[in-house]
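> Predicted model and sequence below, questions to follow.
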Amino acid sequence: MNNRRKGATLVFLLILASHSSGSRLQSCNPSGKIRGENPPPGQCNQENDSDCCKAGDYYTTYTCSPPVLSGTTSAVLTLNSFEDGGDGGGPSECDGKYHSDETPVVALSSGWYSGGSRCLNNVVISGNGRSVTAMVVDECDSTMGCDKDHDYQPPCRNNIVDASKAVWKALGVPENNWGGLDITWTDA
């Protein structure tokens, strides 16, 4: 009888653990979709292989990002120009300024950007066997896109650290491999 009770308790704990774990993993679900339209001619900057919205395509939006872990958080590093005329669009949200591609700066997906709470703070990005410290200067908007304010580009995925060329160089990634890299990051 005692073994049966221990077995039932063990099964209950396993079910509870798998349910809790699944809930945490699913805590950031898509919030909706937006329908793309073709941008006006010459209005979508495709520097750094940026995508342009396409008429009739639907793009997933998020109001959240995966949970930030106490150690490091997994993400995808993408390439962005924060310079005037670059594919990042307008000036950075945090300070209303443009930033040189030679300065290690990043934009975080909307959930991690957290309404600007990380603005002008540093994060440590690790990938390709190296680490670099970069300043958060912008939001990679996961909630909206496909319009003039977003340079007619789709919304960012919810797990993006959008980085300047300086970050890619500091990580030692060959230029022909810039654009998408699995990384981890943490607040500095």
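That came in fine, so what should we check first?
> which regions of the protein sit below the pLDDT cut-off?
Within the chain, the stretches with pLDDT under 70 are 1-26, 47-48.
> What segments of it are strands?
Secondary structure of the chain (DSSP state E): strands at 32-35, 58-61, 73-79, 105-109, 122-127, 130-140, 160-163, 181-187.
> Does anything pack onto the first one? Which helices or strands?
In terms of contacts (3 or more C-beta pairs under 8 Å, 6 or more residues apart in numbering; DSSP states H and E), strand 32-35 is packed against strand 58-61. For the C-beta atoms, the positions are set from N, CA and C on the backbone; glycine is no exception.
> so who does the residue positioned nearest the centre of the chain touch?
By C-alpha atoms, centre = their mean, the chain has its centre lying nearest to Ile160, at 1.6 Å. Going by C-beta atoms under 8 Å, 6 or more residues apart in numbering, Ile160 touches 75-78, 107-109, 140, 142.
> out of the residues you listed, what pair is the most spread apart?
Farthest apart among the contacts of Ile160 by C-beta to C-beta are Leu77 and Ser142. That separation is 15.6 Å.
> of the two, who's got more company?
Neighbour count, other C-beta atoms under 10 Å: between Leu77 and Ser142, Ser142 has more, with 27 against 24.
> Backbone torsions only: list them for the more buried one.
Ser142 adopts backbone torsions of phi -100, psi -10, taken as degrees, to the nearest 10.
> Arg118 versus the residue nearest to Gly71 when sequence neighbours are not counted, what's the distance?
Of all residues not flanking Gly71 in the chain, Thr186 sits nearest, at 6.8 Å (C-beta to C-beta, 6 or more residues apart in numbering). To Arg118, Thr186 is 11 Å away according to C-beta to C-beta, to the nearest Å.
> more neighbours, these two?
Taking neighbours as other C-beta under 10 Å, Thr186 and Arg118 compare with Arg118 leading, 20 against 15.
> Touching, the more buried one and Val136? I think so.
Yes. If you go by C-beta atoms under 8 Å, Arg118 and Val136 touch, sitting 4.5 Å apart.
> Good, wrapping up.
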